[in-house]
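J.: Please work out how this folds:
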Amino acid sequence: MVTVSAIVLIAHLIGFATSLHALMDTRTAPGTVAWIVSLNATPYLAVPAYWIFGRDKIDDYIQLRRQRVTSLNRSLESHLAELPPFRTEWSDRDPTFRAVEQLAGIPFVDGNRAELLIDGNAIFESIFDGIDAAEDYLLVQFYIVRDDKRGRDLQRRLIRRAREGVRVYVLFDSIGSLDLSRSYISELTEAGVEVRSFFQHESWIDRFRLNFRNHRKLVVADGKVGWIGGLNIGDEYESDGWRDAQVRVEGPAVLNMQLSFLEDWRWVTDELPVVSWQPQPVGGVGIPVLVLPSGPADHFETASLMVQQFIHLAEKRIWMSSPYFVPDEGVMGALKLAALGGLDVRLLLPEHTDSRLAGLAAYKYMDTLSAAGVRIFRYQPGMMHAKVFLIDDRGAAISTVNLDNRSFRLNFELTALVADTAFAGEVEQMFEVDFANSREMGDNAVADMPLWFRLASRGANLFAPAL
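T.: The predicted structure follows:
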């Protein structure tokens, strides 16, 4: 008969063996420490949790993803042959952006027009007008699609366009859109819309593997016009107090937007839709735009390095907004160095966020940044959801990247960097309005808070980074 002592010993041996797997397989140091401690201290609970939640076969995934993306890029080389004439020569303009271009693996291209869209009503109107005007195909990708009033509005438009002969491809994230009804999807499919979730779950246990979320929000119409930004499809994104930003781009840069979509679509379906690869430069003087995709299969931690480079690029100021702020050491160091060097460094964060854990975790960093000279503003009217970077007067980026470890290392994200002073001026005006509607945190603001709050913030910070 197996004794209780024997069961305990076996459980701890299994926990120890699993902790060795975690040591080799977990991506972040905090995650590794947390798993090793829990697996050896409480293996009865931690071992099942690790094999359900903590294990993602990341190495196999990364190799397969890289092989498919490399194959995709080779297959599209002939299609992109007409894009080089629009490539911006930064040696004659601003070579400081070259590192971002190298990081993206996609060049800045000229001949574009960029329009800043602020808040849900304006963003939805612009995207829906673009959907209604498409003549050949639509590529639609969102992290969250809800079966509500706005979601049904999108669905009706896509169904109508599909029935009118426009080819429609829709990609959503299976975790972000977990509540999306089957009827919503089936109605699209019956009308001829091609619909896929980013991860096709092969078994019930796959639903518990929450990493590798596709957080991109992207719409492309006919390869001529595209949208990137923070907005998802749902009623809350146009509610009072919800602050968001999107950029509408016309021109050759849209081809790089659809390249990002096709990488994801091929990953899911192993197929490539037939799309246009003919650059469509705008009339008059176009502006340079860089489309920068990032994800966990990149050779570098692209999103984190991108944010750090944006900070390093600044000569006078760097203003950033994000709904969540749980940065890594690289971004923290870059922010502090920029402020200590005399730059105008500002962070715009929500006072109240839709993630209590992330909201609490952010307070850990506030006093340290304030001591270095970073100005921190808390948006008051509602949820600050925009992911925006303003670099001096030279340019601005509209992104899906949050300033947290999940966006830096685990999510698939997308950023549009617009190197244009006029566009930067529009973004500056948006920030000024938001700063006026915000509360600026003072020095030692967190140190003056109750002990229980500071303990809660430190505790939340242990769990907030994506492990």
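J.: drop to CA atoms for contacts and neighbour counts, all remaining ones
T.: Noted.
J.: do you know how far Gly359 is from Thr400?
T.: 18 Å (Cα to Cα, to the nearest Å).
J.: correction: Ser260
T.: Taken as Cα to Cα, the span from Ser260 to Thr400 is 13 Å.
J.: what about these two, which has more around it?
T.: Thr400 (30 against 20; other Cα atoms under 10 Å).
J.: Tell me if I'm right that that one and Leu218 touch.
T.: No - between Thr400 and Leu218 there is no contact, the gap being 9.5 Å when judged by Cα atoms under 8 Å.
J.: Find residues that contact each of the two.
T.: Ile228, Gly229 (Cα atoms under 8 Å, 6 or more residues apart in numbering).
J.: Number of residues surrounding Asp240?
T.: 12.
J.: Would you enumerate the residues in contact with it?
T.: Gly382.
J.: In terms of pLDDT, where does it sit?
T.: Reported pLDDT at Asp240 in the predicted model: 84.
J.: what about it, distance to Asp354?
T.: 14 Å.
J.: Then Asp393?
T.: Following Cα to Cα, the distance that separates Asp393 from Asp354 is 32 Å.
J.: More neighbours: which of those two?
T.: The residue with more neighbours, out of Asp393 and Asp354, is Asp393; 20 against 13, by other Cα under 10 Å.
J.: Correct me if wrong: the more buried one contacts Glu426.
T.: No - when contacts are counted by Cα under 8 Å, Asp393 is not listed as touching Glu426 (10.2 Å).
J.: Extract the CA atoms of the longest strand seen in the chain and return them as PDB.
T.: In the chain, assigned by DSSP state E, the strand with the most residues is strand 109-118. Output of strand 109-118 as PDB, limited to C-alpha atoms (Å, rounded to 0.1, in the frame of the first residue of the first chain):
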ATOM      1  CA  VAL A 109       8.200  54.300 -47.600                       C
ATOM      2  CA  ASP A 110       7.200  57.700 -49.000                       C
ATOM      3  CA  GLY A 111       4.200  58.800 -50.900                       C
ATOM      4  CA  ASN A 112       1.700  58.400 -48.100                       C
ATOM      5  CA  ARG A 113      -1.100  60.400 -46.400                       C
ATOM      6  CA  ALA A 114      -1.800  60.000 -42.700                       C
ATOM      7  CA  GLU A 115      -4.900  61.100 -40.800                       C
ATOM      8  CA  LEU A 116      -5.100  61.100 -37.000                       C
ATOM      9  CA  LEU A 117      -8.500  59.800 -35.800                       C
ATOM     10  CA  ILE A 118      -9.500  60.400 -32.200                       C
END
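J.: what's it in contact with?
T.: Against strand 109-118 from outside (Cα under 8 Å, 6+ apart): 83, 86-88, 123, 243-253, 281-283, 285-290, 418, 423, 426-427.
J.: Just the buried ones from those?
T.: 83, 86-88, 123, 243-253, 281-282, 286-290, 418, 423, 427 (16 or more other Cα atoms under 10 Å).
J.: I'd guessed Ala22 sits against Ile36; true?
T.: Yes - counting by Cα under 8 Å, Ile36 is a contact partner of Ala22 at 6.8 Å.
J.: Any regions of the protein where pLDDT drops low?
T.: Across the chain, residues meeting the criterion (pLDDT under 70) sit at 1-2, 25-31, 51-82, 90-94, 200-211, 462-467.
J.: same thing but 50
T.: 57, 201-208, 465-467 (pLDDT under 50).
J.: How is it divided into domains?
T.: 4-55, 59-89+109-288, 302-463 (automatic domain parsing).
J.: Which among those is found nearest to Gln102?
T.: The stretch from these with the least distance to Gln102 (Cα to Cα) is domain 302-463; that distance is 10.4 Å.
J.: chain center to the longest strand of the chain: distance?
T.: Put simply, strand 109-118 sits 19 Å off its chain's centre (Cα atoms, centre = their mean, to the nearest Å).
J.: All further residue positions should be reported with the first residue as 45.
T.: Understood, numbering begins at 45; the last thing we discussed is strand 153-162.
J.: C-alpha coordinates for whichever helix or strand comes after that strand, PDB please?
T.: Using DSSP states H and E, the helix or strand that follows strand 153-162 towards the C-terminus is helix 164-177. Taking Å, rounded to 0.1, in the frame of the first residue of the first chain, the C-alpha atoms of helix 164-177 are listed here in PDB:
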ATOM      1  CA  GLY A 164     -14.700  55.900 -31.200                       C
ATOM      2  CA  ASN A 165     -17.200  57.800 -33.200                       C
ATOM      3  CA  ALA A 166     -14.600  59.300 -35.600                       C
ATOM      4  CA  ILE A 167     -12.700  56.000 -35.800                       C
ATOM      5  CA  PHE A 168     -15.700  53.800 -36.500                       C
ATOM      6  CA  GLU A 169     -17.000  56.200 -39.000                       C
ATOM      7  CA  SER A 170     -13.700  56.300 -40.900                       C
ATOM      8  CA  ILE A 171     -13.300  52.500 -40.900                       C
ATOM      9  CA  PHE A 172     -16.900  51.800 -41.800                       C
ATOM     10  CA  ASP A 173     -16.700  54.300 -44.700                       C
ATOM     11  CA  GLY A 174     -13.600  52.500 -45.900                       C
ATOM     12  CA  ILE A 175     -15.400  49.200 -45.700                       C
ATOM     13  CA  ASP A 176     -18.300  50.500 -47.700                       C
ATOM     14  CA  ALA A 177     -16.000  52.000 -50.400                       C
END
